[in-house]
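Student: pasted the sequence and its predicted model underneath.
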Amino acid sequence: MANAAVGALGAVLLAALSARLFRRRGLAIATGVLAAVQPTLVRIASQIQSEPLFVALLLSAGYLLLAATDRPSSNLAVLAGVFLALAALTRSSALALSPLLLAPLFDRRHPRRANAHIAFSALLGFGAALAPWTLRNALVFRELIVVNDGAGYVFYGRNSDAAMGLDRARDRAELDRAVAALEAARLARITALPEAVRDSPGRLSRALARAALDERRADMAGTARLLSWKIWDWLRPYPDPRFWPRRVVLAAGAWFSALFVLAAVGFVRADRAGASAFCLAFLAITMLLHVVLETNWRYRTANWDPVVLLYAAFGAATLVAPRGVAERPPA
């Protein structure tokens, strides 16, 4: 129930973002409705996962940063930083998005001093919200761990030689065996490490990351295949045909192909170039991060689907009623 409610909140927040970006009430409502029935967003909201909360926090941070830059308002900027920090505490991948809080520095509508005040207010909110957790980690583990120590664990799990079997699995049974083999290999690797490394979350994470990097450097051809597979796994417009019925693969493929094309149209026709550049940077950062760590359609849903829907709805509107949407007065 809670996840479903938070998932519904994501649709409302996406509608609010559309209203602020494109200044069209009908388009904003249509965007919210589209988000409410988007199959991938509905699916994650129906499961006990962190993604619906993560999406709501990210959208809140984005809306507040946009509003803070439009006004400008240091209070809203601080709140934007706080919400991004809460998103990072929900899923630590949001830490990679912290440089985007400096986006107000590039706004040409206001004096540089005002832009700097907005940007650093956002960073202040981000740091202040993370500080209690980081301090707690320092006191408990005697190490600087901003959020958690899972990066090396995840990196090894998707980049070691033992992980290569995940790509080759042809069905669910083979995938289950590949996962079991990976977990056994990772446990063996951890067990073989010195006790001083195992007792330190930071050193353990770094040791696992180094082990995976060593294995990838020793097999550059395999590394190239793995990276190619990860990139396609993130970008492909249809779910994994190894694990989904053919009709679902075809329907989803047609739907997401259309969304991607319409989103491209939306990016080209949107007249707020700064906001479009911000969203494209967001898409690039989240894709790069997950290609390095782990690709998964659930992760893509949480990071890409809201932005794709936002611009796809606008792109579709410009095709249907170009005068009423594309030629609106600049904000």
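Tutor: Received, thanks. No experiment lies behind these values; they were computed from the predicted model shown.

Student: residues touching Ala252, list them.
Tutor: Pro39, Pro237, Tyr238, Pro239, Trp244 (C-beta atoms under 8 Å, 6 or more residues apart in numbering). To be clear about C-beta, it is placed using only N, CA and C from the backbone, and glycine gets the same treatment.

Student: please pick the buried ones from those residues.
Tutor: When the contacts of Ala252 are checked for burial by 16 or more other C-beta atoms under 10 Å, the buried set is Tyr238, Pro239.

Student: just the closest of the contacts of Ala252 to Pro111, please.
Tutor: Pro237 (43.5 Å; C-beta to C-beta).

Student: assign the closest one to helix, strand or coil.
Tutor: coil (DSSP: H, G, I helix; E, B strand; the rest coil).

Student: check contacts around it.
Tutor: By C-beta under 8 Å, 6+ apart, Pro237 lies in contact with Ala252, Gly253, Trp255, Phe256, Ser257, Phe260.

Student: for the residue lying closest to it once chain neighbours are set aside, give me the pLDDT.
Tutor: Closest residue to Pro237 apart from its sequence neighbours, by C-beta to C-beta, 6 or more residues apart in numbering: Phe256 at 3.7 Å. For Phe256, the pLDDT comes out at 97.

Student: isn't Phe256 up against Val248?
Tutor: No - contact between Phe256 and Val248 fails when scored by C-beta atoms under 8 Å: they sit 11.9 Å apart.

Student: who has more neighbours, those two?
Tutor: Neighbour totals were compared for Phe256 and Val248, and Phe256 leads with 21 against 14 (other C-beta atoms under 10 Å).

Student: quickly find the element holding the more buried one.
Tutor: helix 246-269 (DSSP states H and E).

Student: name the element Asp240 belongs to?
Tutor: Here Asp240, judged by DSSP H and E, is contained in no helix and no strand.

Student: give me every residue that touches it.
Tutor: So, once contact is read as C-beta under 8 Å, 6+ apart, Asp240 ends up touching Asp233, Trp297.

Student: one more: the one 10 residues further on?
Tutor: Counting by C-beta under 8 Å, 6+ apart, Leu250 touches Tyr238.

Student: that one and Pro241: what is the separation?
Tutor: 9 Å (C-beta to C-beta, to the nearest Å).

Student: then Leu53?
Tutor: For Leu53 relative to Pro241 (C-beta to C-beta), the value is 30 Å.

Student: quick one: neighbours of Asp167, just the number.
Tutor: Asp167, neighbours per other C-beta under 10 Å, totals 15.

Student: which SSE is the closest residue to it other than its chain neighbours in?
Tutor: Of all residues beyond its chain neighbours, the one nearest Asp167 is Trp229 (5.1 Å), with distances taken as C-beta to C-beta, 6+ apart. Secondary structure assignment for Trp229, by DSSP H and E: helix 220-235.

Student: could you list the buried residues of that helix?
Tutor: Thr223, Leu226, Trp229, Lys230, Asp233, Trp234.

Student: just the residues contacting that helix, thanks.
Tutor: Outside of helix 220-235, the residues within contact range by C-beta under 8 Å, 6+ apart are 158-159, 161, 163-164, 167, 216-217, 240, 287, 290-291, 295-296, 300.

Student: by neighbour count, which of those wins?
Tutor: Neighbour counts for the contacts of helix 220-235 peak at Asn159, which has 24 neighbours (criterion: other C-beta under 10 Å).

Student: let me know whether that one touches Ala212 as I believe.
Tutor: Yes - contact criterion C-beta under 8 Å: Asn159 and Ala212 qualify, at 4.3 Å.

Student: where along the stretch 51-200 of the chain do the helices fall?
Tutor: Using DSSP state H, counting those that start in this stretch, the helices found in the stretch 51-200 of the chain span residues 51-70, 74-90, 112-141, 151-159, 164-168, 172-192, 195-198.

Student: Phe267 is nearest to which of these?
Tutor: helix 51-70 (15.8 Å).

Student: what's the mean pLDDT across that closest one?
Tutor: Helix 51-70 comes out at a mean pLDDT of 96.

Student: low-scoring stretches of the stretch 201-331 of the chain, by residue?
Tutor: 322-331 (pLDDT under 70).

Student: can you pull the buried residues of stretch 157-176?
Tutor: Gly157, Arg158, Asn159, Ser160, Asp161, Ala162, Ala163, Met164, Gly165, Leu166, Ala169, Leu175.
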